[in-house]
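Participant: sequence-free structure coming up:
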């Protein structure tokens, strides 16, 4: 049986935002561990893209973008 929390979209958007932030943090931590400039650029770009996704989940949750109204 599906719980009431599982039916709440905010439950899922908040979980995804947390996971995206964890991945962003991991990518940025790994920037300090590698020397290759191209890999550093890819990690930073990936973190920025995930930040955009995290923002989109937050915007959906807050319904503050026209697309989510």
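Facilitator: Yep, it's here. Worth saying up front: this structure is predicted, and the values here are computed from it rather than measured.
Participant: can you pull the poorly scored residue ranges out of the protein?
Facilitator: Counting by pLDDT under 70, the chain contains no low-confidence range.
Participant: tell me, what residue is most central in it?
Facilitator: Nearest to the mean C-alpha position of the chain, by CA atoms, centre = their mean, lies residue 20 at 2.9 Å.
Participant: over to that one. Which of the three states is it?
Facilitator: helix (DSSP: H, G, I helix; E, B strand; the rest coil).
Participant: got a list of what it touches?
Facilitator: 50-51, 53-54, 57 (CB atoms under 8 Å, 6 or more residues apart in numbering). For glycine as for every other residue, the C-beta is placed from the backbone atoms N, C-alpha and C.
Participant: show me what the helix of greatest length in the chain is packed up against.
Facilitator: For the chain, the helix with the greatest residue count under DSSP state H is helix 37-62. Secondary-structure packing of helix 37-62 (3 or more CB pairs under 8 Å, 6 or more residues apart in numbering; DSSP states H and E): helix 9-31.
Participant: next, the angle from the helix it packs on to helix 37-62.
Facilitator: Between helix 9-31 and helix 37-62, the angle comes out at 160 degrees (axes from the mean of the first three to the mean of the last three CA atoms, to 10 degrees).
Participant: alright, I will stop here.
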